[in-house]
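[1] Okay, predicted coordinates and the sequence, questions at the end:
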Amino acid sequence: MSFAKSPVPRAPRLGTLLALSALVLGPAAGQSLPSESPQAFVPHTDTFDYVKRDVMIPMRDGVKLHTVIVVPRGARHAPILLTRTPYGASSRFAEHASAHLTAVLGQSDVADDLVLRGGYIRVLQDVRGKYGSEGDYVMTRPLVGPLNPTTVDHATDAYDTIDWLVKNVPESNGKVGMLGISYDGFTTLMALFHPHPALRAVVPINAMVDGWMGDDWFHKGAFRQDSLVYAHDQEATRGSDVTWWSDHYDDYDTWLAAGSAGDMARLHGLDQIGFAGKLLAHPAYDAFWQNQAIDKLLAKQGLTVPVMLVHSLWDQEDIYGNVAVYKALAPQDPGHSRVFLVLGPWFHHQQRLDGSAVGPIRFGADESLYFRQRLLAPFLDHFLKDDAPPLALAPVNAFETGTNEWRALSTWPACAEGCRIEHRKLYLQSGGKLSFSAPGAATPGYETYVSDPAKPVPYLPRPIHIEGSAGEQVWETWLVSDQREAASRPDVLTFVSDVLREPLQVSGEPVAHLQAATTGTDGDFVVKLIDVYPDEVGRQPAMGGYQLMGSADILRGRYRDAFDAPAPIPANRKQLFSFGLPTANHVFLPGHRLMVQVQSSWFPLYDRNPQQFVANIFQAKPGDYVKATIKVFDAGTDASFVDLPVAAPSGPAGVK
């Protein structure tokens, strides 16, 4: 340090003062203020354990689709897993901003384990017209043909995407698999039409296959009213950022106050939504629906790519589709090398979550984790990895609810070795009884109830409110909800068997055969096959007397003879209403009882039937809704029954 005398300071110049004041006070009037943000910020990601790329992939018609590619750092010769979605590709990786792949993936994707521990490259793409992708959005866009006059569909978009990926992702081995749940399962199935040679395996999970027969939009003619909410939220904007409004807490009140489903559509301005108009214009199973039923289309084309169809036994949204696809394709695969089926104890999309329970129904283990590790990973590894480990996987892996065991089977429906499936008639009988023995004659020979559209049977205990996380859980598990409240209503018929002394296994699709008459000229019929628990359950006292649905569905009466030709029901004349229920694989245990419930509404899940024939129910007026007295016959040769596919010892029919 120097102690020399400092020179006398000089006064600062005027220019220096102006410059200093500009730094403190900003530029003088008329000057620009430079942006502090770069034109293009380049994140420093060298320390990340993955590489993420956002790209726009061109399709054959020039439209570019937004695609997110996530590659584990250091990956080489890795297979690609592709999902095409209308729900926002970027959002799948946006929950956590992290340098670590484990945090970025989170726990929202059924493929997480495959990417984290299996070395797969993960690709998600916005379908055309949604989020970051260009083009026009069309709900479940049909294949090019009668319903699609353009040159593009989900099949061509999948082909063009795969073609680009194998040429532009240098870390890949040139093999691509597709998987997805629900709508993403639909786009996965669509890739099977004229598939790209690099597509080596597909896994559609809870896929939407036939929206009229039993998936999202209708069930055998009865309209699922939440379809209007979904169409509104999906199509109102590209980013799905305008949501449905409500004016009641209880959805039951909301829909009852609106009137018909058509009235609700008009109330919410759905004349602006293209798909809503199609729903309201096609209440019957006409060519519009038939020409886009994927199971029928795949049956005509045939299959060249191995497929694992994954079905949830309590799927509250798409309980029809994958089993229908299996029935269409399995006969084309006699060697059991291309068509695989998984039946699991889940609600819709639970395969990606914890699978140890559905509501109060517990399984003792995480059956979703079992699926991901023991079924999904071996299937994809075999068909997509270069070393191609051998596949020791049964053609059908079916979880047996009741016993809570997985069964490896050669086909479906089937049961374990040493048994076969036989069909047994479970008869509705007078006095509310249920038996495999045919009933004798009785007077009057039928049971009655009054179906009042002003007081429809709720599908859940009221209030029905499925908003928020708590409401979402109620919606996800409603198919296992206790049916005792319905059983107590006078407009629900209940038939109960004696206590079982031996286990009874039902494997396959039950078929309801109702002999019924109505004072109306239209009407709906709901049939529910129920497992009634013992009055006391030791380790789970709250399950005492629980009424668990194993299989249930609805038929709109006007379609009793032909789904594409609605016809009035002759009033006061006995008619046969025959329809299949969803696939079950359930063991009714000793000490339990079987129950069948019959009713004529399931509200507000399904729209109310006026019970007076009108050409288009969506245009029903308040005066069209009338009470009807229903007779369900349960005696002698007229007795109604449910045809049950029951496991029996191997041998000639009838031999025990």
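    Sure thing, it's come through.
[2] Please make it C-alpha for all contacts and neighbour counts, starting now.
    Noted.
[3] so how far does stretch 324-336 reach from one end to the other?
    Distance between the two ends of stretch 324-336: 17 Å, counting by CA to CA, to the nearest Å.
[4] Can you give me the buried ones in it?
    Ala324, Val325, Tyr326, Ala328, Leu329, Ala330 (16 or more other CA atoms under 10 Å).
[5] try stretch 536-544
    Met543.
[6] Then stretch 153-167?
    Across stretch 153-167, burial judged by 16+ other CA under 10 Å covers 153-163, 165-166.
[7] Can you give me the pLDDT of Ala28?
    Note on Ala28: pLDDT of 63.
[8] tally of neighbours for the closest residue to Gly259 other than its chain neighbours?
    Residue nearest to Gly259 in three dimensions, not counting chain neighbours: Pro622, with 7.0 Å by CA to CA, 6 or more residues apart in numbering. The number of residues packed around Pro622, counting by other CA atoms under 10 Å, is 10.
[9] just curious, which of the buried residues of stretch 324-336 is nearest to Leu479?
    Minimum distance to Leu479 across the buried residues of stretch 324-336 is 19.9 Å, recorded for Ala324 (CA to CA).
[10] Got the phi and psi for that closest one?
    Dihedral pair for Ala324: phi -60, psi -40, per degrees, to the nearest 10.
[11] Could you find the closest non-adjacent residue to it?
    In this structure, Ala324 finds its nearest non-sequential neighbour in Asp295, 6.1 Å apart by CA to CA, 6+ apart.
[12] residues contacting that neighbour?
    Residues counted as contacts of Asp295 (CA atoms under 8 Å, 6 or more residues apart in numbering) are Val209, Asp210, Gly321, Ala324, Val325, Ala328.
[13] quick one: what helix or strand has it in it?
    Using DSSP states H and E, Asp295 maps to helix 294-301.
[14] And for Cys415?
    Using DSSP H and E, Cys415 falls within no helix or strand.
[15] isn't it right up against Pro645?
    No: counting by CA atoms under 8 Å, Cys415 does not reach Pro645; the two are 10.4 Å apart.
[16] who touches both of these two?
    Ile421, Ser507.
[17] What backbone torsions are found at the nearest residue to Leu313 once chain neighbours are set aside?
    Once flanking residues are discounted, Leu313 sits nearest to Pro345: 5.5 Å by CA to CA, 6+ apart. Backbone geometry at Pro345, expressed as degrees, to the nearest 10, gives phi -90, psi 60.
[18] Can you get me a residue count around Pro345?
    Using other CA under 10 Å, Pro345 is surrounded by 28 other residues.
[19] do Asp247 as well
    Residues contacting Asp247 under the criterion other CA under 10 Å number 9.
[20] Next one: it, what pLDDT does it get?
    93.
[21] residue boundaries of the helices in the stretch 301-450 of the chain?
    Secondary structure of the stretch 301-450 of the chain, counting by DSSP state H, counting those that start in this stretch: helices at 321-329, 367-370, 377-384.
[22] Quick check: mean pLDDT of the second one?
    This points to helix 367-370. Mean pLDDT, helix 367-370: 97.
[23] Quick check: buried residues in it?
    Glu367, Ser368, Leu369.
[24] for stretch 257-276, same thing?
    If you call a residue buried by 16+ other CA under 10 Å, then stretch 257-276 has these buried ones: Gly259, Ser260, Ala261, Gly262, Asp263, Met264, Ala265, Leu270, Ile273, Gly274, Phe275, Ala276.
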